[in-house]
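K.L.:
heads up, no residue letters with this:
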């Protein structure tokens, strides 16, 4: 979500379009060989959840610069790097930006979503499948607990 906030702020500060700010963000990421958060998916060439969420945001009147920036970022990445579809994280970040969440709070929402998903996978595994947990001996090598 930091990328969205920075891109929207850059567009306003430099008096350029959201699209131009997105192109700049893609060019900076490519030059520094950094990944663009919110883009790319291991399975989908188009994440089907994105269109649904963006349609809902537009229907409810909350779509704004966050969604515009992420759509422009996807388009800029496609022409300047390679096709990288918007993923669920990018869609959620855009919507959370548009409804006024600060980046730190949005990060907590992502974490909650991940925990719920992992818990559901484990519950399904225990209910329907042979457990696939890999078990091996581990030894803690972190800091010692504080003494009184």
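P.N.:
Yes, it's here. Since the model is a prediction, treat every value here as computed from it, not as a measurement. Residues are numbered from 1 along each chain as shown.
K.L.:
so which residues of the protein form helices?
P.N.:
According to DSSP state H, the chain carries its helices in the segments 2-14, 18-31, 48-59, 65-80, 88-98, 103-128.
K.L.:
from residue 144, how far off is the residue nearest to residue 28 when sequence neighbours are not counted?
P.N.:
Nearest residue to residue 28, sequence neighbours excluded (C-beta to C-beta, 6 or more residues apart in numbering): residue 34, at 7.9 Å. For every residue, glycine as well, the C-beta is placed using N, CA and C. Using C-beta to C-beta, to the nearest Å, one gets 36 Å for the distance from residue 34 to residue 144.
K.L.:
who has more neighbours, these two?
P.N.:
Applying other C-beta atoms under 10 Å to residue 34 and residue 144 shows that residue 34 carries more neighbours, namely 10 against 6.
K.L.:
mean pLDDT per helix and strand in the chain: which one sits at the bottom?
P.N.:
Within the chain, judged by mean pLDDT, DSSP states H and E, the helix or strand with the poorest mean is helix 103-128; its value is a mean of 86.
K.L.:
would you mind getting the angle between that helix and helix 2-14?
P.N.:
150 degrees (axes from the mean of the first three to the mean of the last three C-alpha atoms, to 10 degrees).
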